[in-house]
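1. Compute the structure for the input listed below.
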Amino acid sequence: MLEVWKWANLTLAFVMELVALAALGLWGWKTADATLVKPTLAVGVPLLAALAWGLFASPNATFDHPLLTLATKVVVFGGAAVGLWAVHYRAAAVVFVTVLVANLLAIRLGHLTL
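-> Numbers count the residues shown, from 1 in each chain. Below is the predicted model of the structure:
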């Protein structure tokens, strides 16, 4: 049962990363006014976030340093939450942060490392 709990939390962590990228893309689409800027921000912001995640926060990060990992996670997850709030998806922002915090607590309390 412990193994199921571990994998469920790790799967949820991955889903939250994908949701963060989608939220950043939504923010980019809703924020831009110009026709050419909309797709640029909607694709570019999540792409930059994914690149930063791969370099600094992924389990196989190129630059493995705890401060860089923490900063990247704060910027990506925080940016997603703030982005949802800014485009008036406030309930989604609150749910996102609540699920994220619960998942991080479950991972830490279960002595799992990401």
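2. OK, contacts around residue 30?
-> residue 87 (C-beta atoms under 8 Å, 6 or more residues apart in numbering). (C-beta placed from N, C-alpha, C; glycine too.)
3. Next, work out how far apart it and residue 24 are.
-> 11 Å (C-beta to C-beta, to the nearest Å).
4. Same check on residue 73?
-> 14 Å.
5. These two - which one has more neighbours?
-> Using other C-beta atoms under 10 Å as the criterion, residue 73 and residue 24 rank with residue 24 on top: 25 against 19.
6. just the helices in this protein please.
-> Using DSSP state H, the helices found in the chain span residues 2-31, 37-52, 66-86, 90-109.
7. Tabulate the ones you listed in JSON lines, adding columns for mean pLDDT and distance to residue 60.
-> Converted to JSON lines, these look like this (pLDDT from 0 to 100; distance: least, C-beta to C-beta, whole Å):
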{"stretch": "helix 2-31", "mean pLDDT": "94", "distance to residue 60": "14"}
{"stretch": "helix 37-52", "mean pLDDT": "97", "distance to residue 60": "14"}
{"stretch": "helix 66-86", "mean pLDDT": "97", "distance to residue 60": "12"}
{"stretch": "helix 90-109", "mean pLDDT": "94", "distance to residue 60": "18"}
